[in-house]
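3D, please:
(chains A and B)
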There are 2 protein chains.
Amino acid sequence: MNRIITISRQFGSGGRTIAKEVASRLGIPCYDSELIEKIAEESGYTPEYIKEIGEYTVGKTGLSNILAARDKNGHSNYDNVFIAQAKVITKLANEGPCVIVGRCADYILKDKADCLKVFIQADNDFRSRRIIDLYGERTEKPEKRLNDKDKKRIAYYKTYTDMEWGKIENYDLVLSSSAFGIEKCADIIASLY
Amino acid sequence: MNRIITISRQFGSGGRTIAKEVASRLGIPCYDSELIEKIAEESGYTPEYIKEIGEYTVGKTGLSNILAARDKNGHSNYDNVFIAQAKVITKLANEGPCVIVGRCADYILKDKADCLKVFIQADNDFRSRRIIDLYGERTEKPEKRLNDKDKKRIAYYKTYTDMEWGKIENYDLVLSSSAFGIEKCADIIASLY
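Numbering: from 1, shown residues only, chains lettered A, B, ... in the order given. Below you'll find the predicted structure:
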């Protein structure tokens, strides 16, 4: 079995940057936005559509999904994207060691790979500063932007897994990037691989 | 401000052993059962009594405490022990760098020390094997013993703090001792100090 690192993260915690840093140190691929192209190919939807409904749209039990059209298997577009995503992630994990960011990879690979399951969090000040640096100011306050994204990730994760996002028991390692900084978090993860 | 490491842990996770190992590597004291003597001295209760009501008895809102006698300040024995405990932990943190195991030290030192807040967890198999090795077989199944202790720690923590025990946001670092082993956990914590 290949050794995989899955990185779940709070919005603005720098989890994606940490993932890329870890992969580069270990000389293995990091799949993040690269997943979108692959999921698009697998599902037949456009990359733009995959990105839009991404990790943030609530499936099965969400209102948008309840109202969504169903195909002959009873699947909505959201469900089909998740199914394609699970296929893509399982295939990548079978191909070789890699780092995978978000998209329920920890759950999808639960019984299928030798997985180091990491969660990156940070305090609200750190995350607020980071999203303003990265994505610029908006009319919405940064606290609201963080809160909205977290809520959507929680709902998405709950919809497609039987576990809770950000629950301590689901991870081997939880790191606060605001306590240690991005570099040190990457050090620790790489040293544990 | 002195640099302190607080270690909260699931019963049977080896958190106490990890704490001692970290302290010995860093050459700083580790306070665990040593706290009991000090809390006894501060509160005027016997060490046996402190140990008995220890981290496991639910105060304020717990039934045993609701029924408990009150002193002239409206405090039960449980409350008085917690007050003494907070004094002892704050005093130790002021005296010099150290590792403190359990007893809400992370909460007590929240605004009073430069704290590395660690939580140690492990899967149930690891914990079951460990408590049987350390404390022997009982008539109760190990799963029940783990569950009972965890429940009591959760309730105790909730009673005396405004936070939840084992909630991801309250810690800088969460490690699974069943994933990494005791030694590796001690390595990581010592390297982050």
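
Quick check: A:Glu41 vs B:Ile108, distance?
54 Å (Cβ to Cβ, to the nearest Å). Glycine gets a C-beta too; all of them are placed from N, C-alpha and C.

Quick check: closest non-adjacent residue to the closest residue to chain B within chain A.
Going by Cβ to the nearest Cβ, chain B is nearest to A:Val174 of chain A, at 3.5 Å. Distances taken as Cβ to Cβ, 6 or more residues apart in numbering or on different chains put B:Val174 closest to A:Val174, at 3.5 Å, once the chain neighbours are dropped.

what are the pairing partners of the strand or helix carrying that neighbour, and which direction each?
Element membership for B:Val174, per DSSP states H and E: strand B:173-176. The pairing partners recorded for strand B:173-176 under DSSP bridges are strand A:173-176 (antiparallel), strand B:114-121 (parallel).

could you point out which element follows the first one?
Heading C-terminal from strand A:173-176, the first helix or strand you meet, by DSSP H and E, is helix A:177-180.

Pull the CA coordinates from the very next helix or strand once past that following helix and hand them back as CSV.
Heading C-terminal from helix A:177-180, the first helix or strand you meet, by DSSP H and E, is helix A:182-192. Output of helix A:182-192 as CSV, limited to C-alpha atoms (Å, rounded to 0.1, in the frame of the first residue of the first chain):
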residue,chain,number,x,y,z
ILE,A,182,3.7,27.2,8.2
GLU,A,183,7.4,26.1,7.9
LYS,A,184,7.4,24.3,11.3
CYS,A,185,4.1,22.5,10.5
ALA,A,186,5.6,21.2,7.2
ASP,A,187,8.7,20.1,9.1
ILE,A,188,6.7,18.0,11.6
ILE,A,189,4.5,16.4,8.9
ALA,A,190,7.5,15.5,6.7
SER,A,191,9.4,14.1,9.7
LEU,A,192,6.4,11.8,10.5
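
got the residues of chain A near chain B?
Within chain A, the positions lying close to chain B (Cβ under 8 Å from any Cβ of the partner chain) are A:116, A:119, A:121, A:166-169, A:171-176, A:179-180, A:184, A:188, A:191-192.

and with 7 Å instead?
With the criterion set to Cβ under 7 Å from any Cβ of the partner chain, chain A comes near chain B through A:119, A:121, A:166, A:168-169, A:171-176, A:179-180, A:188, A:192.

If you count surrounding residues, which of A:Glu41 and B:Ile108 has more?
Counted by other Cβ atoms under 10 Å in any protein chain shown, A:Glu41 and B:Ile108 do not tie: B:Ile108 has more neighbours, with 23 against 13.

residues in contact with the more buried one?
B:86, B:89-90 (Cβ atoms under 7 Å, 6 or more residues apart in numbering or on different chains).

Weed out the non-buried ones from the residues you listed.
Neighbour-count burial (16 or more other Cβ atoms under 10 Å in any protein chain shown) applied to these gives B:86, B:89.
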